[in-house]
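1. pasting the sequence and the predicted coordinates here, then a few questions.
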Amino acid sequence: MKPLPTLCFLTGTLNAFAGAERMTAVIANALAERGYPVLILSLWDERSCFTLHPDVVHEALFAQRPSFKRAYLATVNGIRRFVNRRHVDVLIEVDTMLTLFTLPATLGLKVRRIAWEHCHFDEDLGKPARRFARRLAARFNEAVVVLTERDRQRWVEALAPRQPVIMIPNPLPFAFPPKASERVSKTVLAVGRLTHAKGFDILLRAWEKVTASQPDWRLVIVGEGEERSALEALIRDLGISNCVDMPGLHRNIEEVYRQAALFCLSSRYEGFALTLIEAMAFGLPIVSSDCETGPRELVRNGSNGLLVPKEDSAALAAGLLRLVADPPLCAELANEARNSASGMAIAPVTERWQRLLQ
């Protein structure tokens, strides 16, 4: 029987509580559980926010994040040495930007390279080099993995890749909950990094309208990030400090969902929106901004959640108030949401990765 290939996930860092980093740990753990030799090479910081399977080996090239312009050659050489020393068969780039390093690092080596895109095709996150890196990945990688069918179509239309672009969604990072949230608290939950992309400023402006007519409801925003100070200042300016909590990171995110009654996603854009699947799994009625990739594929408006226009605090508030005032609608959305999330369990998603790695 042919031995399983040695896999290496190459990422920036695992010491950041964010979606791509979280999914790296989840998929690496799942493949290690199935017997694959799994390595994770972080470019910097050997610490991890996420629990790793005992058989997963995690190393880092640098103790702290360097300037990659100055450390470009050192990074390329470090990746090459690691791949040779660890006898890596498949190198999975947890960001298409990493193709800029892996392409020269693996020249002449018999290493399969797979790019794993966590952002959507039309967003470069302020880095024009990302568009160039995507072209390199489409031309030279064995495959590109994207999170949604809509994004797969954009890659194919825009770049005509030589190799396949494969859609593998992110899975639930925890076991499918045996019971839905009881939804007895008057709490609206939002989860994500405190960044501009997540649109929590839009949500807070919406909440000012919600609390004016529903003063006994609370908003809880779970996450951490560089926008905390600005968001806290906005909460004070809007006069809603008495009904908004921002407790920071929460290790037991399942309990956070279990204690909520509704879920809101206010993002300006998304690559996938894993938090929607998590909330659906707990049977939370959802109001989400209508991002082209992620929410638009996951949420069927009026069936398993509500979609509202992006960057529209009034529409977001109207959606939340509609659910607060309509328990029967909430029950219908919650039931259908759980049905939708049931197909996103870790096992079938891991099987799709295994088929790719054969």
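-> Received, thanks.

2. for Glu117, grab phi and psi.
-> The phi and psi torsions at Glu117 (degrees, to the nearest 10) take the values phi -90, psi 120.

3. OK, contacts around it?
-> Listed by C-beta atoms under 8 Å, 6 or more residues apart in numbering, the contact set of Glu117 reads Asp95, Thr96, Arg134, Val144, Val145, Val146, Leu147, Asp151, Trp155, Gly271. C-betas here are computed from N, CA, C, even on glycine.

4. just Trp217 next, same as before
-> Counting by C-beta under 8 Å, 6+ apart, Trp217 has contacts Lys186, Thr187, Val188, Val210, Thr211, Cys243, Val324.

5. looking at the residues you listed, state which has the most neighbours.
-> Tallying neighbours with other C-beta atoms under 10 Å puts Val188 at the head of the contacts of Trp217, with 28 neighbours.

6. what would the strand or helix carrying Thr99 look like as PDB? C-alpha coordinates only.
-> Assigned by DSSP states H and E, Thr99 belongs to helix 99-105. Output in PDB follows, covering the C-alpha atoms of helix 99-105 (Å, rounded to 0.1, in the frame of the first residue of the first chain):
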ATOM      1  CA  THR A  99       3.300  31.500  -3.900                       C
ATOM      2  CA  LEU A 100       5.800  34.400  -4.100                       C
ATOM      3  CA  PHE A 101       8.000  32.500  -1.700                       C
ATOM      4  CA  THR A 102       7.200  28.900  -2.500                       C
ATOM      5  CA  LEU A 103       7.700  29.000  -6.300                       C
ATOM      6  CA  PRO A 104      11.400  29.900  -6.000                       C
ATOM      7  CA  ALA A 105      11.800  27.900  -2.800                       C
END
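
7. name the residues that touch the helix or strand following that helix?
-> Moving toward the C-terminus from helix 99-105, the next helix or strand (DSSP H and E) is strand 112-116. With C-beta under 8 Å, 6+ apart as the test, strand 112-116 has contacts from 5, 89-96, 98-99, 102-103, 106, 137, 140-145, 356.

8. what residues does the very next helix or strand once past strand 112-116 touch?
-> Downstream of strand 112-116, the first helix or strand assigned by DSSP H and E is helix 129-140. Helix 129-140 is contacted from outside by 93, 96-100, 103, 113, 115, 117, 119, 121, 124, 144, 155, 159-163, 165, using C-beta under 8 Å, 6+ apart.
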